[in-house]
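In: the following block contains a protein sequence and its predicted model.
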Amino acid sequence: MIAKLPKYALWLALALLLWFAVAIFGPKFGVIDWQTGLGTMVRTAGPIFIGVTALLALVALVLVLWKGPRPQWWKAALALAIPAALMAGLAWVADRAASVPPIHDVSTDTANPPSFSAATIAQREEMGANPLNDYQTPLGQLEPWQEALADSPLAGKSHARVIGESFPELQPIPFDIPRDQAIARVSAAMSDIGLTDIRSDVQAGTVEGTAETFAFGFKDDVVARVQDGVIDLRSVSRVGLSDLGYNAARLRELSDAIEARLND
């Protein structure tokens, strides 16, 4: 029995890997919904599965090193390394979540953020996406955050204030070329960073696109407003309370791409 324990532990560890692969990429390919993948499989069952696998692998490793057969030690060690790596990944995500404000709507203009087209808003409403909240209302007065921030100082801060304090580097981008040319370059920059479904409205002075995350396939809506010699950007998640800082990171990347295109 002891001789077979490392093999069983390794099989369980490989099943754990498959479990997390389905949880993370299943929503992206429509196999499962994101609530099942992230909520049930990762957050609820994931730590339990990791703990059971790690315990079995640790017992297997101790027994084969103590009683043998020692040539099987690598199977038990690998079986232990897999849940350890996954737990480290979950800890990294938790640390990242704690390091950024729990918001999912970010803009370079917090006084007057760019607006999405009626078509984008209709699409978001049809799929039950996050509402587009007023930037000046304290988060604690907005339904998604009322319970989550009940005892947090963030409850009294608005989107505008949180963005200004947390992401001061997000600034409007000046341009000095004809607006239609600027719009074309913003559109090209969106393509450069991998956005899809890019749509330009020269009359309205806007460019919209869709971003999709590598894990879980979460989709975010992005809009650029090009007017009065200034380009302002906004990125909003369709689902979830916190975006782990991805929308701000996307706007930084898009800003760099736009500036590069403007300097061509």
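Out: The structure has been received and is ready for your questions. Numbers count the residues shown, from 1 in each chain.
In: C-alpha coordinates for stretch 221-240, PDB please?
Out: Output of stretch 221-240 as PDB, limited to C-alpha atoms (Å, rounded to 0.1, in the frame of the first residue of the first chain):
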ATOM      1  CA  ASP A 221     -15.900  47.600 -22.000                       C
ATOM      2  CA  VAL A 222     -13.400  50.300 -23.000                       C
ATOM      3  CA  VAL A 223     -14.200  53.800 -24.400                       C
ATOM      4  CA  ALA A 224     -12.100  56.700 -25.500                       C
ATOM      5  CA  ARG A 225     -13.400  60.200 -25.900                       C
ATOM      6  CA  VAL A 226     -11.500  62.400 -28.400                       C
ATOM      7  CA  GLN A 227     -12.500  66.000 -28.200                       C
ATOM      8  CA  ASP A 228     -11.100  69.500 -27.500                       C
ATOM      9  CA  GLY A 229      -7.500  68.400 -28.000                       C
ATOM     10  CA  VAL A 230      -7.700  65.800 -25.200                       C
ATOM     11  CA  ILE A 231      -8.200  62.000 -25.200                       C
ATOM     12  CA  ASP A 232      -9.900  60.600 -22.100                       C
ATOM     13  CA  LEU A 233     -10.300  56.900 -21.400                       C
ATOM     14  CA  ARG A 234     -12.600  54.600 -19.400                       C
ATOM     15  CA  SER A 235     -12.600  50.900 -18.800                       C
ATOM     16  CA  VAL A 236     -15.400  49.100 -16.900                       C
ATOM     17  CA  SER A 237     -15.800  45.400 -16.000                       C
ATOM     18  CA  ARG A 238     -19.100  43.700 -16.900                       C
ATOM     19  CA  VAL A 239     -19.100  41.500 -13.800                       C
ATOM     20  CA  GLY A 240     -17.500  41.300 -10.400                       C
END
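In: quick one, strands of the stretch 101-250 of the chain?
Out: Residue ranges of the strands in the stretch 101-250 of the chain, as given by DSSP state E, counting those that start in this stretch, are 105-107, 173-174, 196-201, 206-212, 219-227, 230-237.
In: how about those in TSV, adding mean neighbour count and mean pLDDT?
Out: Using the backbone N, CA and C atoms, a C-beta is placed for each residue, glycine as well. TSV is the format used below for the strands of the stretch 101-250 of the chain (neighbours: other CB atoms under 10 Å; pLDDT from 0 to 100):
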stretch	mean neighbour count	mean pLDDT
strand 105-107	25	98
strand 173-174	16	98
strand 196-201	15	98
strand 206-212	22	98
strand 219-227	23	98
strand 230-237	24	98
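In: show me the shaky parts of this protein.
Out: Counting by pLDDT under 70, the ranges of the chain that qualify are 1-2.
In: longest helix in it, by number of residues?
Out: Looking across the chain with DSSP state H, the single longest helix is helix 73-99.
In: next, the angle from the strand or helix carrying Leu251 to strand 206-212.
Out: Secondary structure assigned from DSSP states H and E places Leu251 in helix 246-262. When axes from the mean of the first three to the mean of the last three CA atoms, to 10 degrees is applied, the directions of helix 246-262 and strand 206-212 differ by 130 degrees.
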